[in-house]
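Asker: Need a 3D model of the following:
(one chain, ligands or ions: 1)
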Amino acid sequence: MEQLFYFIKQLHGYAGKILYVNLLAMMLISFLDGMGIFLLLPLLGISGIMDINTGWSSHLGIIKWLNELPKSVSLIIIVGAYIVLITGQSLIQRNLNLRDIKIHTGFINYVRLETYNALLQANWDFFIKKRKSDLINSLTGELGQVTTGSYVFMQFLTSIIFTLIQVGIALWLSVKLTIFVLCCGLVVSFFSRTFIKKANKIGNQSLEIGRSYIGGITDHFNGIKDIKSNMLEESRRNWMVDWCHQFARERFAAAKISANSQLYFKVSSSVIIAVFIYASVMLFHTQGQQLMLIILVFFRLWPRFQGIQTNLEQIATAIPAFKSLKALQNECRASREVKEENRDFNYVKQIHIENYLECRDVSFRYNRNEEVRSLQDINLRIHSNQMTAVVGRSGAGKSTLIDILMGLLQPEKGQVLVDGVPLTGTNLLSLRKSISYVPQDPFLFNGNIRENLLMIAPDATEEQLWDALEFAASADFVRKLPQGLDTLIGDRGIRLSGGERQRLVLARAILRKPSILILDEATSSLDTENETKIQEALDRLQGKLTIIVIAHRLSTIRNANQVIVMDQGRIVQSGGFNKLAEEKNGLFAKFLGNQLTDLQTTTAT
Ligand SMILES: Nc1ncnc2c1ncn2[C@@H]1O[C@H](COP(=O)(O)OP(=O)(O)OP(=O)(O)O)[C@@H](O)[C@H]1O
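Answerer: Model prediction:
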């Protein structure tokens with residue numbers, strides 16, 4: 001229940017006073033509802049069904065008073081009172097419903113934003129350890145369950161208040177009878193705890209099933225090209241069929257719990273009332289009007305018990321989602337990148353590197369339980385306004401080094417320093433704001449080219465957009481598109497070629513006016529002509545920007561001021577391009593030799 005109360009606390013924190021106003025309104029409605037029973041009594045008296053003047057209702061003076069009036073007058077009073085009651089109750093109910101919807105939708109957004117903000121502030125390490133589809137599931141399915149659970153909890157509170165007031169009215173009408181019904185309710189509830197436990201188990205299962213669905217579907221669409229080109233449709237279909245069976249089993253089990261619980265309540269109530277009526281008539285010789293009262297009280301209270309039971313089962317089903325979302329929020333908070341004060345990214349100022357960005361004795365492991373280090377004793381200086389190239393075999397640690405330099409990953413040992421000042425929460429965001437990073441697999445969202453560019457620089461003018469496109473050798477292809485800058489590029493830019501995507505992301509990076517430009521294999525999909533254009537553009541930027549390039553094609557880095565050669569997480573060579581090329585036994589000369597051979601082979605074929 002701890003997790004449930006955590007969210008209820010959040011609900012309370014969000015809604016505040018309105019929650020109490022609603023609870024008060026609920027009490028009023030249930031009181032008016034209870035008054036309905038009260039009106040039935042004089043009605044029954046007037047119609048002659050019950051003898052109002054005898055025994056049990058002696059404390060109901062108003063009924064006697066009504067009974068003494070002429071029938072037509074008392075009937076008008078009762079019917080009028082009935083209309084006033086129902087109208088009042090309906091008006092309050094209407095306002096309550098609208099207010100509830102406001103609280104509920106507001107609360108959904110509150111929890112959504114809390115979780116999303118927590119995710120936005122989590123560090124990179126958190127994301128590389130998490131499955132993306134699980135996060136998507138948390139923000140969709142689980143969030144839905146959590147908000148439904150909170151809503152059901154409000155219904156549960158309403159039911160409790162309604163029941164208490166109904167019990168109060170019932171006690172007023174007949175103490176013994178009400179205590180009897182309450183005892184029966186408690187006994188039945190005690191035995192129905194098992195349904196709540198089962199519902200909680202089903203909640204856990206449905207959480208897992210939801211995760212596996214989103215996981216499978218995400219994998220499917222991420223790998224759709226592989227699936228189509230390698231004809232993997234059948235295996236995907238089998239996965240979906242299996243999932244559907246699992247889903248059907250889980251749904252059926254959930255429905256069975258709810259159906260069994262209802263059956264149990266209905267049968268037990270009929271048995272209890274039958275035994276009670278039999279005992280009243282045969283053993284205690286109860287009279288007609290008392291029997292009527294028994295039925296009246298019983299039939300008003302019992303459905304309330306059943307409603308509470310159903311609410312408890314629904315809450316139990318939602319608790320695993322509560323737990324999961326709470327755990328996610330806590331994990332995000334524990335992995336928060338910077339302290340609370342630095343939260344507002346808009347006020348972060350770019351940092352200007354005067355001398356150099358430095359790695360001092362940096363070592364890093366992705367998994368602390370494993371021996372292998374992805375970076376080992378890295379000592380390196382990246383000089384301001386110069387071009388530094390990082391080369392090495394696949395898996396040598398180049399991308400990891402870049403992530404460390406950007407402050408995305410924290411060194412296990414050693415430090416990253418900006419002009420001699422260690423990279424910490426305060427200057428971390430400033431450094432990142434100064435960087436434009438172009439990854440191997442660039443991110444473009446489903447929109448047009450203009451929107452994708454403006455995402456990074458919302459105030460950029462038309463002229464600045466075209467300048468950036470010119471720089472990245474993209475202006476020509478964008479001009480040729482039917483709608484130019486307003487052309488839609490599809491999911492992740494699928495309607496563009498790999499090279500066009502890379503050039504567009506490069507243009508976007510430049511638009512941000514960074515002081516550090518990092519290109520991680522950013523020219524790998526370009527043909528020689530466009531690569532030359534980019535290289536010329538980078539040459540023009542030399543001396544104005546700090547440029548860090550990871551490149552497999554060594555032609556791209558010919559003009560680099562410094563080349564870092566990495567192997568198995570270590571820096572094995574560093575220096576100018578020509579100097580390293582002359583170190584005949586070095587790894588760099590070997591790479592150069594290989595690329596020359598590749599080039600010659602390609603030309604010969
Ligand atoms: N998220 C991760 N979890 C665990 N190990 C990782 C992770 N990312 C990379 N590694 C490991 O760290 C080492 C360095 O990887 P890194 O991506 O930095 O190499 P790289 O030189 O950039 O390779 P490539 O040129 O293929 O991109 C590799 O052995 C890799 O398996």
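
Asker: What's the mean pLDDT across stretch 73-85?
Answerer: Average pLDDT, stretch 73-85: 79.

Asker: Look up how far Arg131 lies from the residue nearest to the spatial centre of the chain.
Answerer: For the chain, the residue nearest the mean C-alpha position is Leu139 (1.9 Å; Cα atoms, centre = their mean). Relative to Arg131, Leu139 is positioned 13 Å away (Cβ to Cβ, to the nearest Å). For the C-beta atoms, the positions are set from N, CA and C on the backbone; glycine is no exception.

Asker: and the protein, which of its residues are near the ligand?
Answerer: Within reach of the ligand by Cβ under 6 Å from any ligand atom, the chain has these residues: 128, 366, 374, 392, 394-400.

Asker: wouldn't the residue nearest to the centre of the chain be in contact with Asn117 here?
Answerer: No - look at Leu139 against Asn117 with Cβ atoms under 8 Å: they stay out of range, at 11.8 Å.

Asker: Identify the residues contacting Glu500.
Answerer: 474, 477, 493 (Cβ atoms under 8 Å, 6 or more residues apart in numbering).

Asker: mind listing which of those are in helices?
Answerer: Phe477 (DSSP state H).

Asker: could you dump the contacts of Glu500 to CSV with pLDDT?
Answerer: Formatted as CSV, those follow (pLDDT from 0 to 100):
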residue, pLDDT
Ser474, 83
Phe477, 83
Gly493, 70
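
Asker: ok, so of the contacts of Glu500, who is nearest Ile214?
Answerer: Comparing those against Ile214 with Cβ to Cβ places Gly493 closest, at 23.4 Å.

Asker: Neighbours of the residue nearest to that closest one when sequence neighbours are not counted, how many?
Answerer: The shortest distance from Gly493 to any non-neighbouring residue, by Cβ to Cβ, 6 or more residues apart in numbering, is to Leu444 (3.5 Å). Number of residues near Leu444 (other Cβ atoms under 10 Å) recorded here: 21.

Asker: Helix or strand for Asp134, just tell me which one.
Answerer: For Asp134, the element it lies in under DSSP states H and E is helix 132-137.

Asker: Same question for Thr105.
Answerer: helix 71-121.

Asker: Could you do Val416 as well?
Answerer: Going by DSSP H and E, Val416 is in strand 413-418.

Asker: what do you get for Val565?
Answerer: Val565 belongs to strand 562-567, assigned by DSSP H and E.

Asker: List the contacts of that strand.
Answerer: For strand 562-567, contacts defined as Cβ under 8 Å, 6+ apart pick out 380, 382-383, 386-393, 396-398, 401, 557, 571-577, 580, 586-588, 591.

Asker: Repeat that for stretch 309-327.
Answerer: With contacts defined as Cβ under 8 Å, 6+ apart, stretch 309-327 is touched by 1, 3-4, 6-7, 111, 115, 138, 141-143, 145-146, 148-149, 152-153, 155-156, 159, 189, 192, 195-197, 199-200, 202-204, 206-207, 254, 257-258, 261-262, 265.

Asker: Could you give the number of residues near Thr87?
Answerer: By other Cβ under 10 Å, 11 other residues sit near Thr87.

Asker: Tell me how far it lies from the ligand.
Answerer: 65 Å (Cβ to the nearest ligand atom, to the nearest Å).

Asker: cool, and Arg304?
Answerer: Distance from Arg304 to the ligand, by Cβ to the nearest ligand atom: 54 Å.

Asker: Likewise for Val146?
Answerer: According to Cβ to the nearest ligand atom, Val146 and the ligand sit 29 Å apart.

Asker: That residue belongs to a helix, doesn't it?
Answerer: Yes - counting by DSSP: H, G, I helix; E, B strand; the rest coil, Val146 is found in a helix.

Asker: Pull the contacting residues for it.
Answerer: Per Cβ under 8 Å, 6+ apart, neighbours of Val146: 7, 111, 318, 321-322, 325.

Asker: Return the per-residue confidence for it.
Answerer: 85.

Asker: about what we covered before: export the contacts of Glu500 to CSV and tack on neighbour count?
Answerer: Below are these laid out as CSV (neighbours: other Cβ atoms under 10 Å):
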residue, neighbour count
Ser474, 28
Phe477, 16
Gly493, 23
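
Asker: Name the nearest of the contacts of Glu500 relative to the ligand.
Answerer: Gly493 (20.5 Å; Cβ to the nearest ligand atom).

Asker: and the strand holding Val416, C-alpha only, in CSV?
Answerer: Coordinates of each C-alpha in strand 413-418 appear next as CSV, following Å, rounded to 0.1, in the frame of the first residue of the first chain:
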residue,chain,number,x,y,z
LYS,A,413,39.2,7.2,-12.3
GLY,A,414,40.8,10.5,-13.3
GLN,A,415,39.2,13.8,-14.4
VAL,A,416,38.0,15.9,-17.3
LEU,A,417,39.1,19.5,-17.0
VAL,A,418,38.2,22.7,-18.9
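
Asker: Point out the other helices and strands that that strand packs with.
Answerer: Other helices and strands packing on strand 413-418, by 3 or more Cβ pairs under 8 Å, 6 or more residues apart in numbering; DSSP states H and E, are strand 356-364.

Asker: Give me the contact list for the strand it packs on.
Answerer: With contact meaning Cβ under 8 Å, 6+ apart, strand 356-364 is reached by 373-384, 400-401, 404-405, 409, 411-420, 431, 516, 546.

Asker: can you do 6 Å?
Answerer: 373-378, 380-383, 411-418 (Cβ atoms under 6 Å, 6 or more residues apart in numbering).

Asker: Now do the strands in this structure.
Answerer: 356-364, 375-383, 387-392, 413-418, 421-422, 435-438, 516-520, 546-550, 562-567, 570-575 (DSSP state E).

Asker: Compute the first-to-last residue distance for stretch 383-396.
Answerer: 22 Å (Cα to Cα, to the nearest Å).

Asker: what residues does that stretch touch?
Answerer: Identification of contacts with stretch 383-396 by Cβ under 6 Å, 6+ apart yields 353, 355-356, 382, 398, 542-543, 546-550, 557, 560-567.

Asker: mind showing which ranges of the stretch 451-600 of the chain have poor pLDDT?
Answerer: 523-526, 595-600 (pLDDT under 70).

Asker: do that again at 50, thanks
Answerer: Applying pLDDT under 50 to the stretch 451-600 of the chain flags the ranges 599-600.

Asker: ok, now the stretch 301-450 of the chain?
Answerer: For the stretch 301-450 of the chain (pLDDT under 50), the answer is none.

Asker: Repeat the analysis, applying 70 as the threshold.
Answerer: For the stretch 301-450 of the chain, the stretches with pLDDT under 70 are 339-347.

Asker: roughly how far apart are the residue nearest to Leu431 when sequence neighbours are not counted and the ligand?
Answerer: Once flanking residues are discounted, Leu431 sits nearest to Ile351: 5.2 Å by Cβ to Cβ, 6+ apart. Note on Ile351: its distance to the ligand, by Cβ to the nearest ligand atom, is 24 Å.

Asker: quick one: contacts for Ile351?
Answerer: Taking Cβ under 6 Å, 6+ apart, one finds 430-431, 434 in contact with Ile351.

Asker: Residue in the stretch 151-300 of the chain with the shortest distance to the ligand?
Answerer: Asn222 (16.4 Å).

Asker: Run a quick neighbour tally on that residue.
Answerer: That count, for Asn222 with other Cβ under 10 Å as the rule, works out to 13.

Asker: mind listing what it touches?
Answerer: Counting by Cβ under 6 Å, 6+ apart, Asn222 touches no other residue.

Asker: thinking in terms of the whole chain, how far from its middle is the strand holding Val416?
Answerer: A distance of 34 Å separates the centroid of the chain from that of strand 413-418, by Cα atoms, centre = their mean, to the nearest Å.

Asker: I appreciate the help and will end here.
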